[in-house]
Structure formats: C-alpha cells, structure tokens
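Asks: can't give you the sequence, but here's the structure:
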C-alpha cells in the first residue's frame, strides 16, 4: 500500500499544506515514477504514478489524476490502470494507450467524468484492423489491411486512426 499526498502552496504565507491524500495498492517491483503532464489540454498539470508493470516489462501501468480547477483538487481516473503506456495525443486531443500483447493495440481514449472511454482502436498483428465506436457504443471495423511494416513499426503508437498515421 502506498500513500500519495498532494500539497499546495499558500500564496500569502508561502507555506505548503496537505490538501488531498490517496491510498492505493502498489507492486513491490517498480518505483513510483511519478510524471506531471497535461493529459486533457486544459492548461493545468495532471499527474500519473506507476502502479505496476505487465507484459514482461513492456506495459507500464499508471494511475492517472486529472486536476480540477473548480475544486482545486484531483479527480482519480478509476480505470486508468486498465490502459498501459498512457500518453497525451495532441493531434486528436485525447489520451492514447499502447497495449503490448502478442499483437499491438493503440487505444484512443477520452475522459468522461472519472473514467477513460475508448472511442477507437488500432490492432496490429499480421493485419491492421481499425475500429471506431458507433453511436450505439459498439465497435465497428472501418479499415482492415495487411501489415507490411518492419518489426519496429509493430511497436509504434498511432497518432491518428482516420486516416491511419504513426
């Protein structure tokens, strides 16, 4: 069990005080490796910390916290650890997850409340399959083609899925 506390600096007296405290299970293998970045393009810094590792070390599992300026606190994104290797995609203004298994999947995610919602994905094995969520919430294939790249291309995160672009 790890404890994460958030402190803020008082503008008048310039002292730090604890504003939030979170407790989560943490593996005993990796460090916390906290990262601060803007994951929703609102100009405020959000943070993640590494809560685990999977896929023989290829999948870094992180818990994501989004800063909420209204409450001056953080919103814990409950399912963020379902999506490894999180990064912000400035082209689509969303979050990407690169999932490494026997194949490679790039998931395109939006923040909805306190969760990530997958709206598109690109699966790469011997074929590339592009899927997009329709208005009913079901994934529909929008493109399928043979994978012709080299081994290095297999592990790249896609920036766009329509049209397909690394």
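Replies: Happy to help now that I have it. If you're wondering where the values come from, they're calculated on a predicted model, not measured in any experiment.

Asks: How many neighbouring residues does the closest residue to residue 141 other than its chain neighbours have?
Replies: Among residues not flanking residue 141 along the chain, residue 131 sits closest, at 5.4 Å (C-beta to C-beta, 6 or more residues apart in numbering). Yep, even glycine has a C-beta here, placed from its N, CA and C like the rest. Under the neighbour criterion other C-beta atoms under 10 Å, residue 131 is assigned a count of 20.

Asks: Please apply the same query to residue 132.
Replies: 16.

Asks: quick one: it from residue 90, how far?
Replies: 20 Å (C-beta to C-beta, to the nearest Å).

Asks: shaky segments in the protein?
Replies: Scanning the chain for pLDDT under 70 picks out 1-18, 151.

Asks: How are the helices of it distributed by residue range?
Replies: For the chain, the helices defined by DSSP state H cover 151-154.

Asks: Show me the strands in it, by range?
Replies: Shown for the chain, the strands assigned by DSSP state E span residues 2-9, 16-24, 35-37, 46-54, 59-68, 73-77, 86-89, 94-100, 104-112, 115-124, 127-133, 139-146, 160-161, 164-165.

Asks: Distance to residue 152 for these - can I get that in TSV?
Replies: Below are these laid out as TSV (distance: least, C-beta to C-beta, whole Å):
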stretch	distance to residue 152
strand 2-9	35
strand 16-24	34
strand 35-37	24
strand 46-54	22
strand 59-68	18
strand 73-77	30
strand 86-89	18
strand 94-100	13
strand 104-112	11
strand 115-124	12
strand 127-133	15
strand 139-146	17
strand 160-161	19
strand 164-165	16
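
Asks: coming back round to it: check contacts around the residue nearest to residue 141.
Replies: Contacts for residue 131 (C-beta atoms under 8 Å, 6 or more residues apart in numbering) come out as 120-123, 139-142.
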